[in-house]
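S.K.: the sequence and its predicted three-dimensional model are supplied below.
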Amino acid sequence: MTNNFKMLKPPIPRLGGKSRLRKKIISMLPEHKCYAAPFFGVGWVFFGKQQSKVEVINDIDGELMNLFKMIKYHAEEIDRVMFYEVSSRDRFNQYKRADIENLTEIQRAVRYIYIISQSFASKGGCYGYGTNTRPSPQIYNTEFLVDLKKRLRNTYIENLDYKVIFKKYDREWTFFFCDPPYLDTDIKFSSGCKINFDKEEHIKLSNILKNIKGKFLLTINDHPFIRELYEGFNVIETKVNYSVAKKSSSRKRYRELIITNYDVDYGNFNSEEYLSKVV
């Protein structure tokens with residue numbers, strides 16, 4: 001990385017994001033011209049890596065991708081509106097009940113930020129409060145929005161089915177960073193949309209990855225079914241802490257897999273984080 005490069009944080013948190021793994025993942029990225037993220041999420045890896053010649057971010061969550069579009073084009077207006085927002089249960093419920101069809105794209109982006117930033121565990125479900133900590137005087141730090149705007153300036157922002165992204169962007173020089181919904185987990189967006197990425201979808205994804213022209217890196221939960229799907233590929237086992245608890249003693253460690261269709265230099269990895277290469 002260049003000396004003046006600054007890793008950025010996503011505009012909102014998300015449970016299960018790649019904040020703890022992104023440095024290792026970035027160190028594993030192969031040479032490429034086009035970087036494509038069919039399952040973008042909040043973009044921990046994207047905002048932590050240096051810019052590629054061509055970049056594509058995509059997610060099936062339309063409200064999430066609208067947020068990134070509005071940051072790309074109207075970060076200053078989001079900053080202005082968020083300055084006047086207040087943290088309250090009434091305001092939170094008002095945004096939850098709002099009909100997004102009657103909101104502008106900027107209003108939808110502000111609504112999304114508010115619901116995620118003010119909800120318990122950033123899940124967008126219920127208003128967050130506590131008995132051990134006081135509420136912050138500032139409900140959202142907008143200072144970094146301009147940096148995110150600059151980072152997104154030359155990025156294609158899509159809201160398509162992941163299969164379409166592979167069809168549109170797969171070339172020999174394309175690298176796909178894939179962070180799909182984990183097996184046996186249901187995803188519910190703050191917009192109310194719910195997606196069940198079941199075994200059938202994972203089979204479809206694996207069939208695509210087995211036949212692409214470009215390279216891929218896949219992060220997924222460790223599951224016998226997943227291991228069977230990707231038998232013959234490069235697989236690394238790792239453990240990651242995931243929890244909404246603040247105390248480290250309350251956090252659980254989950255085993256995950258990092259799977260690639262290209263060779264990786266395993267000598268760069270800390271054995272405490274990367275347990276082993278699976279042959």
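M.R.: Nice, thanks for sending it over.

S.K.: got the contact list for F225?
M.R.: By Cβ atoms under 8 Å, 6 or more residues apart in numbering, F225 lies in contact with 183, 199, 202. The way it works is simple: take the backbone N, C-alpha and C, and place the C-beta from them, glycine included.

S.K.: excluding covalently adjacent residues, which one is nearest to F92?
M.R.: Closest residue to F92 apart from its sequence neighbours, by Cβ to Cβ, 6 or more residues apart in numbering: Y127 at 4.4 Å.

S.K.: correction: the previous question concerned S119.
M.R.: Nearest residue to S119 in three dimensions, chain neighbours excluded: G128, at 5.3 Å (Cβ to Cβ, 6+ apart).

S.K.: still on that earlier bit, how about the residue nearest to F92, phi and psi?
M.R.: In terms of degrees, to the nearest 10, the main-chain angles of Y127 are phi -60, psi 130.

S.K.: what bridges to it?
M.R.: S119 (DSSP bridges).

S.K.: spell out, range by range, the helices that occur in the stretch 1-150 of the chain.
M.R.: Ranges of helices in the stretch 1-150 of the chain, per DSSP state H, counting those that start in this stretch, are 22-27, 62-83, 89-97, 105-118, 145-152.

S.K.: point out the most buried one among these.
M.R.: For the helices of the stretch 1-150 of the chain, the largest average neighbour count (mean count of other Cβ atoms under 10 Å) is found in helix 105-118, namely a mean of 21.

S.K.: taking helix 62-83 as reference, get the angle to that one.
M.R.: 90 degrees (axes from the mean of the first three to the mean of the last three Cα atoms, to 10 degrees).

S.K.: follow-up on the earlier one: what's the separation between the residue nearest to S119 and Q107?
M.R.: G128 is 22 Å from Q107, where distance means Cβ to Cβ, to the nearest Å.

S.K.: then K53?
M.R.: 34 Å.
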